[in-house]
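A.B. asks: Based on what follows, work out the 3D shape:
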Amino acid sequence: MPNHPSESEYLSHATLMVLGTSLEPSDVSGALGLRPTQTWRRGDSHKWGGWKKSLPASQLAKPLPSQLRFWVRTLRGRTKAISKLAAAGHLCALDCYIGTDSTATIIVPSDLQSELSSLGLELRLSVFADGG
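C.D. replies: Residues are numbered from 1 along each chain as shown. Below you'll find the predicted structure:
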């Protein structure tokens, strides 16, 4: 199985994202105990506030299931905080970009599906195909 992105069937990037109309980015950082990669507040150019945390560079070349396992490990002790953010009306999700220029198979094992579900996050998949 290929390990390098150029040899893979697809490229992927799983980002932790919290969005909400009344979202205060510093509250999300405090609740999760994580430093965001990007934040913004509701205002002129945004309909809602946002907080994003990208994968570390060490995870970028890995297949999507490995990236998802990284998030499971990172967020396992933070489920109460995620639940409180969601109860406040914020969207809490793993936003996954998948890019391919052909058919790709991505297998998410059942144990990983269960672990992801226990986090209380939406799993959002955006697939972009070149179509060559």
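
A.B. asks: which parts of the helix or strand of the chain with the lowest mean pLDDT are buried?
C.D. replies: Taking all helices and strands of the chain together, the one with the lowest average confidence (mean pLDDT, DSSP states H and E) is strand 122-129, at a mean of 94. Residues of strand 122-129 classed as buried under the neighbour-count rule (16 or more other Cβ atoms under 10 Å) are residue 123. For every residue, glycine as well, the C-beta is placed using N, CA and C.

A.B. asks: Work out the sheet partners of it and label each with its direction, please.
C.D. replies: Partner strands for strand 122-129, per DSSP bridges, with pairing direction: strand 91-100 (parallel).

A.B. asks: Quick one: name whatever helix or strand follows the strand it pairs with.
C.D. replies: helix 110-119 (DSSP states H and E).

A.B. asks: Output the below-cut-off pLDDT ranges for this protein.
C.D. replies: Of all residues in the chain, those with pLDDT under 70 make up the ranges 1-7, 131-132.
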